[in-house]
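Engineer: Return a 3D structure for these sequence lines:
(one chain, ligands or ions: 1)
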Amino acid sequence: MFVLPHSRGSSHGQTRIIRKAYEENVYIQMMQESYELWAQLEEEAGVELYRRTGLLVMGPENSEGFSCLQATMQSHKIPRVVLEKQEFRQHIPNVNLTDGNGALIDTNAGVLYADRALRAVQRLFQSSEGVIKDGEKVIDITPGAVVTVTTGSGVYRGRSLVITAGPWANRLLTHTGLQLPLKVVKINVCYWKEKIPGTYSVSQRFPCFIQMEPKEGEYDIYGLPSNEYPGLMKVCYHMGSETEPDERDKQTDRGDIDILMRYITRCLPGLVPVPAVVETCMYTVTPDHHFVLDSHPTYGNIIIGAGFSGHGFKFGPIIGKVLSQLAMGQVPSHDLSPFGIRRFQSHARSSL
Ligand SMILES: Cc1cc2nc3c(=O)[nH]c(=O)nc-3n(C[C@H](O)[C@H](O)[C@H](O)COP(=O)(O)OP(=O)(O)OC[C@H]3O[C@@H](n4cnc5c(N)ncnc54)[C@H](O)[C@@H]3O)c2cc1C
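Structural biologist: Model prediction:
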């Protein structure tokens, strides 16, 4: 739809967190292979896409989420270090651990260089004779044994079609008579100035972090060490306010920034608690925050990847693999049952 590279969807910007620290087995299993595929891509493209920094996870010690995360990581033998309260400061200076919180480090987690990764994939795809038609908007889809896709400047036919339209997923699915329960939210991507430059930097070995349930009822807060903008650390709230994807900039709610300012004052005292830079991105959120990776309930040759709920980037290579397996009628190499459309039975509307 937009000319590449663009910043109108969900995949732009320089960095994303990559981790295996998940509460669900299925994500850990998919991440085992995703790490391998990222490494393969790095090798083929000849560029660094992943930087290991570790991921500090903090969360209420007795909460279901934090306990479950620990148990799942342990059962999969994910390399990790559990930080006892008395040693926390020594390992992680400049962070105040909230009373009643536990902390652990997913030692192989780190930063993915997102923009660089997109460029690398596009370049390799083109060098193996793939064709990218950017700047061309899909305006109609006609399902059938042969699927017809009409854009502003052409008509394409194929035996199967994969739809991965991010925040615009439901717009495209309208043409197939399906609507998924997806909520598009605007995320304020905030960067915060270090009071002393370098305090929270990659070069000082500061890790990425996730703060689970900063306060009861609040969503997670996450951060990446200062790197892309020298002296500025990225810290964001894992939710935002609902928006239409094309009217993203009209959404001006800053409630998330207020939550971040309070958290930074409390827990990251080395940052100036007023954002120095605010950029914009969008999440496409499902009711259970799990992905949609499935074939269309009526047209088995239309494959849908959607609802990545703000945590899909790290899975990019494995998501591509399973969607292509579905499109080719193969058995997917991972259990996709948690990502089926049927789980929304009461929400998904199929008018055909
Ligand atoms: C602030 C922020 C932080 C995040 N942090 C992390 C993280 O740390 N780790 C992680 O794993 N994930 C993270 N994510 C999530 C991750 O970035 C997303 O899950 C992922 O980028 C979603 O990609 P997508 O392909 O579904 O959507 P998009 O990147 O938006 O791609 C959809 C594409 O479809 C195209 N399109 C739509 N409609 C049409 C049409 N009619 N015709 C033609 N083309 C069309 C659009 O132009 C767009 O290029 C984050 C997301 C945000 C916003």
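
Engineer: The spatially most central residue of the chain and residue 264, how far apart?
Structural biologist: Geometric centre of the chain, nearest residue: residue 311, 2.5 Å, by Cα atoms, centre = their mean. Relative to residue 264, residue 311 is positioned 22 Å away (Cβ to Cβ, to the nearest Å). C-betas here are computed from N, CA, C, even on glycine.

Engineer: and if you look at residue 204?
Structural biologist: Residue 204 is 18 Å from residue 264, by Cβ to Cβ.

Engineer: again, but for residue 86
Structural biologist: Going from residue 86 to residue 264 by Cβ to Cβ gives 24 Å.

Engineer: Of those two, which one has the most company?
Structural biologist: More neighbours surround residue 264 than the other of residue 86 and residue 264, with 22 against 7 (other Cβ atoms under 10 Å).

Engineer: What strand or helix carries the nearest residue to that one once chain neighbours are set aside?
Structural biologist: Using Cβ to Cβ, 6 or more residues apart in numbering and skipping residues adjacent in sequence, the residue nearest residue 264 is residue 273, 4.4 Å away. Assigned by DSSP states H and E, residue 273 belongs to no helix or strand.

Engineer: How about residue 236?
Structural biologist: Counting by DSSP H and E, residue 236 is part of strand 232-237.

Engineer: The helix or strand just after that strand pairs with which strands?
Structural biologist: Next in sequence after strand 232-237, counting helices and strands by DSSP H and E, comes strand 241-242. Counting by DSSP bridges, the strands paired with strand 241-242 are strand 183-193 (antiparallel).

Engineer: Just give me the neighbour total for the closest residue to the ligand within the stretch 101-250 of the chain.
Structural biologist: Going by Cβ to the nearest ligand atom, the ligand is nearest to residue 166 of the stretch 101-250 of the chain, at 2.4 Å. The number of residues packed near residue 166 is 21, by other Cβ under 10 Å.

Engineer: Wait, it touches residue 8, no?
Structural biologist: No: taking contacts as Cβ atoms under 8 Å, residue 166 lies outside contact range of residue 8: 9.3 Å.

Engineer: Common neighbours of these two, please.
Structural biologist: Any residue near both residue 166 and residue 8 by Cβ atoms under 8 Å, 6 or more residues apart in numbering counts here, and that gives residue 245.

Engineer: any idea how far the ligand is from the residue nearest to the centre of the chain?
Structural biologist: Distance, residue 311 to the ligand, by Cβ to the nearest ligand atom, to the nearest Å: 5 Å.

Engineer: Once you drop chain neighbours, what's closest to that residue?
Structural biologist: Excluding the flanking residues, the one nearest residue 311 by Cβ to Cβ, 6+ apart is residue 289, at 7.7 Å.

Engineer: One more: residue 135?
Structural biologist: residue 3 (4.2 Å).

Engineer: Check what pLDDT the one you found gets.
Structural biologist: We have a pLDDT of 87 for residue 3.

Engineer: what about it, how many neighbours?
Structural biologist: Using other Cβ under 10 Å: residue 3 sits among 8 other residues.

Engineer: would you say residue 36 is within a strand?
Structural biologist: No: applying DSSP: H, G, I helix; E, B strand; the rest coil, one finds residue 36 to be helix, outside a strand.

Engineer: Which residues are in contact with it?
Structural biologist: No residues are in contact with residue 36 under the rule Cβ under 8 Å, 6+ apart.

Engineer: and the gap between it and the ligand?
Structural biologist: Going from residue 36 to the ligand by Cβ to the nearest ligand atom gives 16 Å.

Engineer: And residue 86, by the same measure?
Structural biologist: Distance check for residue 86 against the ligand: by Cβ to the nearest ligand atom, it reads 30 Å.

Engineer: Tabulate the CA atom coordinates of the host helix or strand of that residue in CSV.
Structural biologist: Per DSSP H and E: residue 86 is located in helix 85-91. C-alpha atoms of helix 85-91 as CSV (Å, rounded to 0.1, in the frame of the first residue of the first chain):
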residue,chain,number,x,y,z
LYS,A,85,16.7,-9.1,46.2
GLN,A,86,19.9,-8.5,48.0
GLU,A,87,22.0,-8.9,44.9
PHE,A,88,19.7,-7.0,42.5
ARG,A,89,21.3,-3.6,43.0
GLN,A,90,24.8,-5.0,42.4
HIS,A,91,23.7,-6.6,39.1
